[in-house]
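Peer 1: Sequence and predicted structure below; questions after.
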Amino acid sequence: MAVPILIIHNYQASGRETPENMTLQEPATTGGEVHPSGDERYLSIDRTMKQSKYEKDSLLEVLNAAQEVFGYLSRDLLIYISNQLNVPMSQVYGVATFYHMFTFEPRGEHNCIICKGTACHVKDADRIIQALSEEFNIAAGETTPDGLLSLTIARCVGSCSLAPVIVLDGQVYGKETPENVNRRVLEAVSRSKEELAQPMEVG
Ligand code: FES
């Protein structure tokens with residue numbers, strides 16, 4: 001696997017430590033545990049690493065745990081994991097970018113992954129992307145300004161016999177047409193808009 005190199009400014013590897021711009025203020029506690037970052041979500045990642053005895057082979061599992069609790073993999077998170085597992089940052093970044101399920105920016109409330117692997121590409125995945133982009137006025141890789149929808153591109157989601165394939169909020173849909181996908185995504189986004197428009201109950 002070709003591993004892309006990430007250049008990180010002002011970062012010195014120096015053993016197990018917190019990311020450089022963690023805020024060391026009010027320590028957070030969970031069941032008596034305190035994380036020096038003040039963000040208790042790191043405790044969950046620490047637990048995963050402890051369970052695997054900080055084995056380098058647990059990198060994928062740890063990245064998964066990190067995305068589960070944070071929703072996406074920030075640069076700080078990647079640095080933290082690199083330090084804690086003592087794995088070079090280039091390797092952490094290489095693994096994280098190899099798998100389509102990892103994201104590096106906060107995603108919208110709904111995430112529509114459009115597969116652009118070979119099988120889906122020859123079955124006109126580009127038309128699906130174009131239809132979604134026109135409908136929601138965002139390009140692939142972007143999130144709508146209201147934060148309700150992200151469009152994500154994947155290389156292959158492992159269901160090639162169903163090409164073209166999309167994954168909407170974790171659900172796989174195959175043999176899709178641009179019209180079908182637009183309808184599905186519109187329904188999902190409209191449901192969220194309706195929920196937002198509900199008057200809040202007071203008291
Ligand atoms: S190429 Fe799209 S699922 Fe494999």
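Peer 2: That came through fine.
Peer 1: Tell me which other helices or strands the helix or strand containing residue 47 touches.
Peer 2: Assigning secondary structure by DSSP states H and E places residue 47 in helix 41-51. Here helix 41-51 is seen to pack against strand 33-35, helix 59-70, helix 75-85 when contacts are counted using 3 or more CB pairs under 8 Å, 6 or more residues apart in numbering; DSSP states H and E. Every residue, glycine included, has its C-beta placed from N, CA and C.
Peer 1: who touches the longest one?
Peer 2: Yep, that's helix 59-70 we're talking about. Counting by CB atoms under 8 Å, 6 or more residues apart in numbering, the neighbours of helix 59-70 from elsewhere in the structure are 41, 44-45, 48-49, 52, 73, 77, 81, 84-85, 87, 91-92, 95-96, 99, 101-103.
Peer 1: Which residue would be the closest one in this protein to the ligand?
Peer 2: Per CB to the nearest ligand atom, the residue of the chain with the smallest distance to the ligand is residue 117, at 2.4 Å.
Peer 1: That residue: how many residues sit nearby?
Peer 2: Other residues near residue 117 come to 20 when the count uses other CB atoms under 10 Å.
Peer 1: ok so, going back, deepest-packed of the helices and strands packed on helix 41-51, please.
Peer 2: Neighbour counts (mean count of other CB atoms under 10 Å) averaged over each of the helices and strands packed on helix 41-51 peak at helix 75-85, with a mean of 21.
Peer 1: residues in this protein within reach of the ligand, list them.
Peer 2: The interface of the chain toward the ligand, taken as CB under 6 Å from any ligand atom, is made up of 115, 117-120, 156-160, 163, 165.
Peer 1: and the residues you listed, which are buried?
Peer 2: Using 16 or more other CB atoms under 10 Å as the burial test, those include 115, 117, 119-120, 156-157, 159-160, 163, 165 as buried.
Peer 1: wait, doesn't the residue of the chain closest to the ligand sit right on residue 161?
Peer 2: No - using CB atoms under 8 Å, residue 117 is not in contact with residue 161, being 11.9 Å away.
Peer 1: Next, the buried residues of stretch 137-155.
Peer 2: For stretch 137-155, the neighbour count (16+ other CB under 10 Å) marks 138, 140, 142-144, 148-152, 154 as buried.
Peer 1: What are the boundaries of the helices in the chain?
Peer 2: For the chain, applying DSSP state H gives helices covering 41-51, 59-70, 75-85, 89-98, 118-122, 125-136, 178-197.
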